[in-house]
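>>> for reference, the sequence and a predicted model appear below.
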Amino acid sequence: MQLAIAPQSEREVPPAWRTSKRAIDVGLGSLFLLLASPVIAVAAIGIVCVTGGSPWFAQERVGQFGRRFKMYKLRTMVRGAEEMRDELLHLNEISGPVFKIRNDPRLHPLGGLLRRTSIDELPNLFNVVLGQMSLVGPRPALPIEVEAYDSYANRRLTVPQGVTCTWQINGRCGVSFDEWMHLDNEYVDTWTPLGDLEIIAKTIPAVLRRRGAH
């Protein structure tokens, strides 16, 4: 299924930039996935040992131009967590059509650690290699969140959705929804292949600082 995105909102860039972006995704994405494989494997085994369930979590997200896909992560919550969402809406700590809780009671014993270190997001690299995501771009949103977007927020969908972006390196959940949308729109208006490499380089220290990660 695809959501309607206003064509006039798409920024025109040289075709070579899009080719370079995809080359970076395939080259660095494959390398990062290879390097991350031992960490993913250890984390997956830990989840199985602690929870007794599958370590994998696949959730429908909205990609570029509203195309939906399954985004892969390591499971950080107890089984049935999605059905508990409505009961916990009063604990939401971020404005806008987004649901974030600092100490989410649905997390299993390893979930908090996996989220604070962003290890749970490493399987996103599978989506990058498959071409469903980019290494750099706005984080893929849930369909229920996108349905509440206005035209300004909708512009974030005119570029490939990514593993990391300016929101990731500028506070993540510590940033308000309006500021988040501003950062994503700024990326839409200014991204370049070189700029993507700079964001990738800044992501590592941002993850180590764990600022806004929960």
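It's in. Residues are numbered from 1 along each chain as shown.
>>> now do the strands in the chain.
56-62, 68-74, 134-136, 162-164 (DSSP state E).
>>> send the alpha carbons of stretch 17-32 over as PDB?
C-alpha atoms of stretch 17-32 as PDB (Å, rounded to 0.1, in the frame of the first residue of the first chain):
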ATOM      1  CA  TRP A  17      23.600  11.900  -6.100                       C
ATOM      2  CA  ARG A  18      20.900   9.300  -5.900                       C
ATOM      3  CA  THR A  19      23.300   6.800  -7.500                       C
ATOM      4  CA  SER A  20      26.000   7.700  -5.000                       C
ATOM      5  CA  LYS A  21      23.600   7.400  -2.100                       C
ATOM      6  CA  ARG A  22      22.600   3.900  -3.100                       C
ATOM      7  CA  ALA A  23      26.300   3.000  -3.700                       C
ATOM      8  CA  ILE A  24      27.100   4.100  -0.200                       C
ATOM      9  CA  ASP A  25      24.200   2.200   1.200                       C
ATOM     10  CA  VAL A  26      25.200  -1.100  -0.500                       C
ATOM     11  CA  GLY A  27      29.000  -0.700   0.200                       C
ATOM     12  CA  LEU A  28      29.000   0.600   3.700                       C
ATOM     13  CA  GLY A  29      25.700  -1.200   4.600                       C
ATOM     14  CA  SER A  30      27.100  -4.500   3.700                       C
ATOM     15  CA  LEU A  31      30.300  -3.800   5.600                       C
ATOM     16  CA  PHE A  32      28.500  -2.600   8.700                       C
END
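>>> thought residue 203 was touching residue 169?
Yes: using C-beta atoms under 8 Å, residue 203 is in contact with residue 169, at 5.8 Å. All C-beta atoms are positioned from the backbone trio N, CA, C, and that covers glycine.
>>> ok, these two, which is more surrounded?
For residue 203 versus residue 169, the count of surrounding residues by other C-beta atoms under 10 Å is larger for residue 169: 22 against 18.
>>> distance of the more buried one from residue 202?
5 Å (C-beta to C-beta, to the nearest Å).
>>> what ranges does this structure have for its helices?
15-51, 111-116, 124-130, 143-146, 151-154, 177-190, 193-209 (DSSP state H).
>>> can you pull up the most central residue in the chain?
residue 139 (3.6 Å; C-alpha atoms, centre = their mean).
>>> ok, that residue - contacts?
161, 162, 165, 167, 168 (C-beta atoms under 8 Å, 6 or more residues apart in numbering).
>>> any chance of those in JSON lines, plus distance to residue 114?
What follows is the contacts of residue 139, written out as JSON lines (distance: C-beta to C-beta, whole Å):
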{"residue": "161", "distance to residue 114": "21"}
{"residue": "162", "distance to residue 114": "20"}
{"residue": "165", "distance to residue 114": "20"}
{"residue": "167", "distance to residue 114": "20"}
{"residue": "168", "distance to residue 114": "16"}
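>>> closest to residue 27 among these?
residue 162 (15.4 Å; C-beta to C-beta).
>>> still on that earlier bit, give me the PyMOL select line for the contacts of residue 139, limited to the buried ones.
The PyMOL command for the buried members of these (criterion: 16 or more other C-beta atoms under 10 Å) is given here:
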select buried, resi 161+162+165+167+168
